[in-house]
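Chemist: What shape does this take:
(chains A and B)
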There are 2 protein chains.
Amino acid sequence: MKEISKLMEYRPGVRVVDATLRDGGLVNDFHFDDEFVKALYQTNLRAGVDYMEFGYKASREMFDENQFGKWKFSRDEDIRRIVGDNDTDLKISVMADVGRCDYKQDILNRADSPIDLIRVATYLNTIPGAVEMIEDAAKKGYEVSCNIMAISNAQEGDLRAALDILGQTPVEVFYIVDSFGAMYPEQIARLADLYLEMAAKYGKKVGIHAHDNQKLAFANTIEAVGDGVDWLDATYASMGRGAGNCAMELLLGFLKNPKYSVYPAIQFIDKYIGRLKEDGVVWGYDLQYLMTGLLNQHPRSAIQFTREGRRDYAEFYREVVAQD
Amino acid sequence: MKEISKLMEYRPGVRVVDATLRDGGLVNDFHFDDEFVKALYQTNLRAGVDYMEFGYKASREMFDENQFGKWKFSRDEDIRRIVGDNDTDLKISVMADVGRCDYKQDILNRADSPIDLIRVATYLNTIPGAVEMIEDAAKKGYEVSCNIMAISNAQEGDLRAALDILGQTPVEVFYIVDSFGAMYPEQIARLADLYLEMAAKYGKKVGIHAHDNQKLAFANTIEAVGDGVDWLDATYASMGRGAGNCAMELLLGFLKNPKYSVYPAIQFIDKYIGRLKEDGVVWGYDLQYLMTGLLNQHPRSAIQFTREGRRDYAEFYREVVAQD
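Modeler: This is a model prediction of the structure:
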C-alpha cells in the first residue's frame, strides 16, 4: 500500500529550513533579542533541523539600521556572536532579495563567513538580477537556492522560461513560493510536477515555502513532500508575515526520519513564543488573510487591516473584492 | 488536465452541513441565544448551505436541562421557533448519540417535525445500537446518516465489518469522522477509498467530519471531496470541540458550485463570532491539540488543559506522551 509506505518511510534527502527569524522578522521588524536567537539556534540543533535562516542581507543604503533589528541585515559578526564557529550539523542561511541587497560588498567569501547557504529571492520579472546574485554567491563558495515569489498568478510558460534560465546557473534548489497563500494542495501537486521536471533536467532540487492564509501551509508542504519536493521551509508557531507559515511543530511531528524531534519545538514555543505574543506581536490565520488568499492577492491590505486593529471583516471583504 | 478540471467543475451531489450549533455547542454547553441561532439560520440560507444541524437530541434523563442550553436537547418546538415551517431549501438535522438519546420518545414522526435528517453517532463497539436507531428514524420518515466516531485507531477489518452491517440498514450516508484530528490527507484518501467501496456496494453516500488538531480539517475535507466524498461538515470560524472543525468560510470559498456564497459567512463571523470569543468561549488550534492529534489520543486531556488556562505546553507533552 503506497500511502502507508509514504508515511512510514522517509527520504534522506529531505531538508528542513527554519525561517523563523527571517519570515517572522517581517512581523516585528526583526527586533529579536539575543536570548531568543540563541534559544532558537539551540532548539534547531536539538530538533534536527537542517538549516537555520538568520534573516535578510538587506541593503544598508536602502534601509535605516535604526528602524530595524539586526536580522534585517544579518551581518556576519552578529551571526557569529550567536553560533561561534558553528561546529555542528546545522547549516546557516540568509536571504538576499534581488534589488534590495548590496551583495557584492555585504556577502563575503564563504571561507570568511559563518553562512553556508545564500537564498536568493526574486520575482519572475527580476530573474536576470537573480542570475547575477546566484553566480556571485556560487563564486564566493556558497550553496545557493532561489525563491521565485508570488507565482500563484504566474503563467506556466513564464515559470518554465524562468526555471530554464535558472537551471543553467549554479543554483542548487528551485523554491515553490506561495506568497499569497492562494494555492490548494492539488495546485501544489501540479506546480511540483513542473518544478521537478525542470529540476530533473538540470540536476537541481525543489523546495517549498507556504503561507497559511487558507490554513493550508502545512497541508501544502506535506502534499509537496509526498510529490518529491525535498526542501521544506517552516517556522516555529507559524511565525511569519500575515497568516504565517508552515508550523515547524506540525512538520517535525509529521516527518518520520528519527533525526527530527518535536519536543524541543514544543519547549521553545512554550518558553519564547507566548512572550512575543504578550508583547503584542501579531501573526497567524484570520479572516482578512483568508480573503486575500482566496482572491489571490498580495496580503499587504490584510496586514494593514491587522495593524490598524480593524475587526470589520465584512467591510474589508467589500474593499478587497472591488479591486480591479 | 485533471487537477484544473477538479477545481473548476463541481459535483452537484455535494452537500454542505453546518454543524456550528452541535459541535460548537460542545464548547459553550449549548448556550446560544436565539438571536445567534436565527442569524445562523439566515446565514445558512443566504450562503447556500444544504443542512443546518441544530444540536443533539440528548436524553433528558441523563443530562440536566438546567446545566445545558436548549440545543443539547433540540426539542422540535425550539427548532420551530427559529425556522417556523422552514419553507426553504435548507434542511434541518439533529444528532443522536447511541446510548445517550431516548430516541423512541424524543424523535417524533417526521410528518410532525421540522427535522429532515437524523444523524446517528456511534462508536465501532455500539454498531448494533446504531442499527436500531437508524431503523427507528427511517421508519419515522427521516433521512438518516451515521457517523462512526474515533476511527483513527480502528482496524480496517473492523471498519469494513461495521460498514457491512450499516450497509444493510436504511442509512443513506456513511460518515468518516476524524474525532482525534489525527489523520493526514493521504490517510483520508485511503479511508475514503474503503468507505466509497462499501458505499457503492450498498448504494450509499459518504461524508466527512474533520478536526483541526493539526490544522488539517479543511485540507482533509478538500482531499475527501476530491476523492469522491459528497457530504461535508463545517462550522463557522471552525467553532467546535477542542481544535475545532473545518471552517465553513474556507469550504464555501473553495467549492465552485455558484449556489454557495462566502460573503454571508464573513458577515456572520464579523457580527457574531467575535462576540462569543469576547465572552470567553475558547476553541481552535493550539499546541495541546496538536499533541493529542499527533499521538492519536482523544482530545479530552487537551480540553482540560485549555479549561484550566494552562500554558505549560512542554509539561503537558510529557504528560500525554507517557500515557500507555
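Chemist: Count the neighbours of whatever residue of the stretch 51-200 of chain A ends up closest to chain B for me.
Modeler: Checking the stretch 51-200 of chain A residue by residue against chain B with CB to the nearest CB singles out residue A:186 as nearest, at 4.5 Å. Using the backbone N, CA and C atoms, a C-beta is placed for each residue, glycine as well. For residue A:186, the count of nearby residues is 16 (other CB atoms under 10 Å in any protein chain shown).
Chemist: any idea how far it lies from residue A:153?
Modeler: Look at residue A:186 and residue A:153: by CB to CB, to the nearest Å, they are 17 Å apart.
Chemist: so for stretch A:118-128, what's the average pLDDT?
Modeler: Across stretch A:118-128, pLDDT averages out at 97.
Chemist: residues of that stretch that come out buried?
Modeler: Within stretch A:118-128, the residues that qualify as buried are A:118-124, A:126-127, counting by 16 or more other CB atoms under 10 Å in any protein chain shown.
Chemist: Same check on stretch A:27-38?
Modeler: By neighbour count with 16+ other CB under 10 Å, stretch A:27-38 contains the buried residues A:27-28, A:30, A:32, A:36-37.
Chemist: Tell me where the longest helix sits in chain A.
Modeler: Longest among the helix segments of chain A by residue count, using DSSP state H, is helix A:185-202.
Chemist: out of the buried residues of stretch A:27-38, who's nearest residue B:77?
Modeler: Of all the buried residues of stretch A:27-38, the one with the least separation from residue B:77 (CB to CB) is residue A:27, at 50.4 Å.
Chemist: Please name the spatially closest residue to that closest one (chain neighbours excluded).
Modeler: Nearest residue to residue A:27, sequence neighbours excluded (CB to CB, 6 or more residues apart in numbering or on different chains): residue A:283, at 4.7 Å.
Chemist: Measure how buried the residue of the stretch 151-300 of chain A found nearest chain B is and give me the count.
Modeler: Here the stretch 151-300 of chain A gets closest to chain B at one residue, residue A:219, 3.2 Å apart by CB to the nearest CB. Using other CB under 10 Å, the number of residues around residue A:219 comes to 28.
Chemist: ok, now how distant is it from residue B:119?
Modeler: Residue A:219 sits 26 Å away from residue B:119, taking CB to CB as the criterion.
Chemist: and what of residue A:312?
Modeler: In this structure, residue A:312 and residue B:119 are separated by 35 Å, where distance is defined by CB to CB.
Chemist: List the contacts of the residue nearest to residue A:27.
Modeler: Counting by CB atoms under 8 Å, 6 or more residues apart in numbering or on different chains, residue A:283 touches A:24, A:27, A:238-244.
Chemist: do residue A:167 as well
Modeler: For residue A:167, the set of contacting residues under the criterion of CB under 8 Å, 6+ apart consists of A:198-199, A:201-202, A:204.
Chemist: Over to residue A:104?
Modeler: Taking CB under 8 Å, 6+ apart as the definition, contacts of residue A:104 comprise residue A:136.
Chemist: what about it, distance to residue B:191?
Modeler: Following CB to CB, the distance that separates residue A:104 from residue B:191 is 55 Å.
Chemist: Equivalent analysis for residue A:76, please.
Modeler: From residue A:76 over to residue B:191 the distance is 51 Å, taken as CB to CB.
Chemist: Tell me which of those two has more neighbours.
Modeler: Neighbour comparison, residue A:76 and residue B:191: the larger count goes to residue B:191, with 23 against 18 (by other CB under 10 Å).
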